[in-house]
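In: have a look at this fold, sequence not included:
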């Protein structure tokens, strides 16, 4: 009833290939896009700046990682380091007078080059060993950034982002920063949706499912994996740069530590591997749920429902975060995207319980 | 030269204590084929438990024994409740599950017992031991000896009847089922033993650097130890631990002054990367032959 399938007939190849063949899906996407565009008018600056903006940027980062982990099946536990490379190099480029647009590209390219170099080294191995190799990359990059003053920005190790403008519009207000982040996230989303339909995307899926079987049918595993590393690192680098320019405003090495890498992997897994909806839901869930639950419990404790020590309250976000990862892996390994899919399938045939025979 | 020998000896002793932290990882990988990235958190949890039991007024030796019993039970519980559901899932799921456990414990344990650093007093004393002009940290010396003892004990354990069963299970799950071994019980047992190894590492490291959440960062050197030594070899833990400890002590000893500190993490990372590049299965690890 909600997702009416009657009348959906493909009479041409473009119609058969379109992203959202069902009218209800197109409506949903349209409404969401409109809401995202109007968000600065609809919600207060506090919510826009501290919830919507980071959510968008982390979604873009999670989608970049999902390209590698979900589509390509290559585990990466040092993705925060890739983002750090993008952030630091774009800031240094912008401080050197390079226009913001090219600084973003430069950040992405630097991240792609370094990320691919580590990827090429690590791609001889897979599975657990790839996890360990990328983990080592995370620590190496962290160390280089914090121990080379020319990169980290001197003794305080914080580097302020310079004033920039994007396409002649100065990025100085919250709204402008929000729209830059929105633009990048929409670009990433469209790229992700479409890359699944290209030969590269199909080759990646073949590699993920069985690499030697893919090699037999003529897909070069090493080249495809390397291209995947490069694409994901580029996108991750730009996401890191956007995160630095539009959200943090000043970067320190700790903002891209090992825990951030884990957080990104958690976003991808909680959302659902290789799913766009999952990228959005996972990023939102991992960012917001620990905060919301902690505030709830602290509020209930303050209202006198039960007593909870200051010390335990301070540790609640970590507890919820870890518990969330365990809970999803045990009870819904396919993540929030699967839950969304179940709900959608339910309404696809509603008011009936299942379709046909 | 004396400086070099001092770095060498103390590095070797620290390495033995890394090896103790890595022992739990290898025990579980060996029997269940599961990477246990929560070993750092288990070490931290064990240290907190022993400190708590000690603060209740128990003598330290009783507290350690009771802590070992509790951690053994906790290991069994983790296997029964969490890992058994993960049989047959891809490795990323297990890696993330153990990492999730690591994060959960890192929040829960300091949240319950208090985040401020605690101290465990083993009655070792602070005065360094001096042998032929070489200063050795007394705590490291005792820690290294205890680690050596425990690793030796676990090597001997794999020669007992029970240990033979565990080795059989690690070789082939299906074949072990066929001859009537309980694979589940063997894997649970290996988690329990990993819990006991965590008590050893937790008490020794806790007495050296204090008990707080930073104990869980032992995971990183422990990973370097198992990657270098071979992920399923106890002999490898010993050799890998010595190598990581010595390199992680000697190289920073000379380079820290020029490179701006904390080169130990770099050495650890480079060890991991080089091992994976040159010999992914480590020094003593079994090379997996991939069958199509």
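Out: Okay, I see it. In this text the structure is predicted, and so the values were computed from the model without any measurement.
In: against residue B:273, how distant is residue B:36?
Out: 22 Å (Cβ to Cβ, to the nearest Å). Quick note: C-beta positions are derived from backbone N, CA and C, even for glycine.
In: looking at the two, which is more packed in?
Out: residue B:36 (30 against 23; other Cβ atoms under 10 Å in any protein chain shown).
In: phi and psi next, for residue A:172.
Out: The phi and psi values for residue A:172, taken as degrees, to the nearest 10, are phi -120, psi -20.
In: correct me, but it touches residue A:161?
Out: No: with contacts counted by Cβ atoms under 8 Å, residue A:172 stays clear of residue A:161, the gap being 11.4 Å.
In: who has more neighbours, the two?
Out: Neighbour totals were compared for residue A:172 and residue A:161, and residue A:161 leads with 22 against 11 (other Cβ under 10 Å).
In: which one is that one nearest to, not counting chain neighbours?
Out: In space, and not counting its chain neighbours, residue A:161 is closest to residue A:245: 5.0 Å by Cβ to Cβ, 6 or more residues apart in numbering or on different chains.
In: is it correct that that neighbour falls within a strand?
Out: No: using DSSP: H, G, I helix; E, B strand; the rest coil, the assignment for residue A:245 is helix, not a strand.
In: that one: neighbour count?
Out: So residue A:245, with other Cβ under 10 Å, has 27 neighbours.
In: and the longest helix for the chain?
Out: I'll assume chain A. helix A:276-302 (DSSP state H).
In: my bad, chain B
Out: Ranked by number of residues, the top helix in chain B under DSSP H is helix B:2-32.
In: buried set for it?
Out: Across helix B:2-32, burial judged by 16 or more other Cβ atoms under 10 Å in any protein chain shown covers B:6-32.
In: cool, and stretch B:216-228?
Out: Result for stretch B:216-228 [16+ other Cβ under 10 Å]: buried residues B:216, B:218, B:219, B:220, B:221, B:222, B:223, B:224, B:225, B:226, B:227, B:228.
In: what are the contacting residues of that stretch?
Out: Stretch B:216-228 has contacts (Cβ atoms under 8 Å, 6 or more residues apart in numbering or on different chains) with A:129, A:132, A:135, A:139, B:15, B:18-19, B:21-22, B:25-26, B:29, B:37, B:39-41, B:43-44, B:102, B:105-106, B:201, B:205, B:236-237, B:239-241, B:243-244, B:248, B:265, B:268-269, B:271-272, B:275-276, B:282-283.
In: one step back: from the buried residues of stretch B:216-228, which ones fall inside helices?
Out: Using DSSP H, those in helices are B:219, B:220, B:221, B:222, B:223, B:224, B:225, B:226, B:227, B:228.
In: format those residues as JSON lines; extra columns: distance to residue B:211 and pLDDT.
Out: Listed next are these as JSON lines, based on distance: Cβ to Cβ, whole Å; pLDDT from 0 to 100:
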{"residue": "B:219", "distance to residue B:211": "16", "pLDDT": "87"}
{"residue": "B:220", "distance to residue B:211": "19", "pLDDT": "88"}
{"residue": "B:221", "distance to residue B:211": "18", "pLDDT": "89"}
{"residue": "B:222", "distance to residue B:211": "17", "pLDDT": "90"}
{"residue": "B:223", "distance to residue B:211": "22", "pLDDT": "89"}
{"residue": "B:224", "distance to residue B:211": "23", "pLDDT": "90"}
{"residue": "B:225", "distance to residue B:211": "22", "pLDDT": "91"}
{"residue": "B:226", "distance to residue B:211": "24", "pLDDT": "90"}
{"residue": "B:227", "distance to residue B:211": "27", "pLDDT": "88"}
{"residue": "B:228", "distance to residue B:211": "28", "pLDDT": "90"}
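In: out of the residues you listed, which is nearest to residue A:125?
Out: Nearest to residue A:125, judged by Cβ to Cβ, of those is residue B:227 at 10.4 Å.
In: low-confidence regions, the chain specifically.
Out: No chain was given, so I picked chain A. For chain A, residues meeting the criterion pLDDT under 70 lie at A:1, A:153-157, A:356-357.
In: nope, chain B please
Out: B:123-129, B:131-135, B:259-261, B:288-292.
In: close enough to count as contact, the residue nearest to residue A:161 and residue A:164?
Out: Yes: counting by Cβ under 8 Å, residue A:164 is a contact partner of residue A:245 at 6.7 Å.
In: tell me which parts of the stretch 101-250 of chain B are close to chain A?
Out: With Cβ under 8 Å from any Cβ of the partner chain as the criterion, the stretch 101-250 of chain B comes near chain A at residues B:101-108, B:110-112, B:114-115, B:220, B:223, B:227, B:231.
In: what comes up buried for stretch A:278-289?
Out: Neighbour-count burial for stretch A:278-289 flags A:278, A:279, A:280, A:281, A:282, A:283, A:284, A:285, A:286, A:287 (criterion: 16+ other Cβ under 10 Å).
In: excluding covalently adjacent residues, which one is nearest to residue A:227?
Out: Using Cβ to Cβ, 6+ apart, the closest residue to residue A:227 is residue A:200 (6.7 Å).
In: how close does that neighbour get to chain B?
Out: The gap separating residue A:200 from chain B is 22 Å, by Cβ to the nearest Cβ, to the nearest Å.
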